[in-house]
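Participant: Fold the stuff below for me.
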Amino acid sequence: MVSLFHLDYVISYKRKPGRDLPALRDAYDRLLDHLETICGAVLRLDDSPRWSVLRKAAAMASRKSELGVIEDEIDAIFCAYLAWLWANEPTQMIVLGDYSTGYIVTPTPPRVDVASNRPPRRAVARRRDSTHEQRERLVAAFCAAMPHLTAEESQTLAKIAVDLAEWR
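Facilitator: Have a look, this model is predicted:
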């Protein structure tokens with residue numbers, strides 16, 4: 001996110017203790033704006049009825065749980081674009097690490113020296129769904145968000161997204 005959108009910080013859109021609803025709605029608004037600007041044409045977000053539903057859900061949420069309902073779909077859309085970049089614009093991507101010890105593929109960071117005054121994040125234990133459950137949810141999210149994809153393409157993107165999430 002930081003590299004792709006040329007930010008000096010991560011947009012904190014995930015539901016976590018201490019983040020209030022107005023801050024989360026604002027974070028979703030910024031994230032969705034960035035996704036439209038950078039990824040929208042490739043993923044044809046303007047043509048997707050589901051994208052409009054996601055935008056409205058983020059803007060109109062009256063509880064944090066309503067944002068949680070769309071979180072996986074937004075993540076899936078973001079990951080779909082990264083998978084598209086890896087397949088179609090590999091010079092815009094970089095592999096960090098190696099096969100034997102683990103790696104991640106990420107957009108090439110912008111060549112800017114930005115000193116961040118943010119404190120380091122503390123690790124928070126979280127419950128993880130099984131890989132199969134994650135993949136099934138992501139396949140459904142890809143199909144809903146990008147109806148022009150085939151079922152096989154949605155399954156491939158879901159596998160990539162789950163594999164990437166396991167490296168985080």
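Participant: Spell out the residue ranges of the helices in the protein.
Facilitator: 2-5, 21-43, 49-60, 64-88, 131-145, 151-167 (DSSP state H).
Participant: would you turn the ones you listed into CSV with mean pLDDT and distance to residue 99?
Facilitator: For the C-beta atoms, the positions are set from N, CA and C on the backbone; glycine is no exception. Below are the helices of the chain laid out as CSV (pLDDT from 0 to 100; distance: least, C-beta to C-beta, whole Å):
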stretch, mean pLDDT, distance to residue 99
helix 2-5, 89, 22
helix 21-43, 94, 28
helix 49-60, 95, 35
helix 64-88, 94, 15
helix 131-145, 71, 19
helix 151-167, 69, 12
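Participant: Indicate which one of these is closest to residue 12.
Facilitator: Residue 12 sits nearest to helix 21-43 of all the helices of the chain, at 5.4 Å, using C-beta to C-beta.
Participant: Go through the closest one and flag the buried ones.
Facilitator: Neighbour-count burial for helix 21-43, counted by 16 or more other C-beta atoms under 10 Å, picks out 24-25, 27-28, 31-32, 34-35, 38-40, 43.
Participant: Then stretch 45-54?
Facilitator: 45, 48, 50-51, 54.
Participant: thinking again about what came up before, closest to residue 11 out of the helices of the chain?
Facilitator: Closest to residue 11 of the helices of the chain is helix 21-43 (C-beta to C-beta; 4.8 Å).
Participant: Who are the packing partners of that closest one?
Facilitator: helix 2-5, helix 49-60, helix 64-88 (3 or more C-beta pairs under 8 Å, 6 or more residues apart in numbering; DSSP states H and E).
Participant: Distance to residue 151 added to those, as a markdown table?
Facilitator: Output for the helices and strands packed on helix 21-43, formatted as a markdown table (distance: least, C-beta to C-beta, whole Å):
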| stretch | distance to residue 151 |
| --- | --- |
| helix 2-5 | 27 |
| helix 49-60 | 16 |
| helix 64-88 | 14 |
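Participant: Tell me which of those sits nearest to residue 14.
Facilitator: Within the helices and strands packed on helix 21-43, the stretch nearest residue 14 is helix 64-88; the backing value is 6.8 Å (C-beta to C-beta).
Participant: Could you name the helices and strands sitting against the closest one?
Facilitator: Applying 3+ C-beta pairs under 8 Å, 6+ apart, one finds that helix 64-88 makes contact with helix 21-43, helix 49-60, strand 93-98, strand 102-107, helix 131-145, helix 151-167.
Participant: For the fourth one, enumerate the helices and strands it packs against.
Facilitator: In this structure, strand 102-107 makes packing contacts with helix 2-5, helix 64-88, strand 93-98, helix 151-167, judged by 3+ C-beta pairs under 8 Å, 6+ apart.
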